[in-house]
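Engineer: Sharing a model prediction with you, sequence too.
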Amino acid sequence: MTEFQAISPDLQGNRILKFVAFLYGVVAYFTFFVTFLYAIGFVGGMVVPKTIDTGSQSSAMQALVVNLLSMSLFAVQHSVMARKQFKQWWTAIRPEISRAQHLRAVRQPDTRSVVLEVASDAGSCLASR
């Protein structure tokens, strides 16, 4: 199903669905922008109340367990959502917000292609396909 088929003029309440999908997209982009700005302040120690240098001390083992659990949760969630079956299921349920949900979905690059090539000059990187 193409995006045109998912949001066609024939659907009842099409204008409302488009407007809700647009608002959802605006909120998603705004949330990302604010989160990104907070992350800059968190790492740089500017403006935000809690920075990377503040907080309680914990043992190395406790930090390792928390980090491993966080990364595992992230990996499982992203690997499930990256599956074609999930994308088809989600688009069938909510076709009007599929694009906003995935922001800019692009097809997986060919694994044989070069994604990042570091040139011999220090600091210069060339992205290629």
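Structural biologist: Received the coordinates, thanks.
Engineer: Check which residues of the helix ranked longest in the chain are buried.
Structural biologist: Counting residues, the longest helix found in the chain (DSSP state H) is helix 14-44. Buried residues in helix 14-44, defined by neighbour count with 16 or more other CB atoms under 10 Å: 17, 21, 24, 41, 42. Every C-beta, even on glycine, is put in place using the N, C-alpha and C of the backbone.
Engineer: How about residues contacting stretch 56-64?
Structural biologist: Where contact means CB atoms under 8 Å, 6 or more residues apart in numbering, no residue beyond stretch 56-64 reaches it.
Engineer: how about it: buried residues?
Structural biologist: Across stretch 56-64, burial judged by 16+ other CB under 10 Å covers no residue at all.
Engineer: Tell me where the model's unsure across the protein.
Structural biologist: Low-confidence segments of the chain (pLDDT under 70): 1-13, 95-129.
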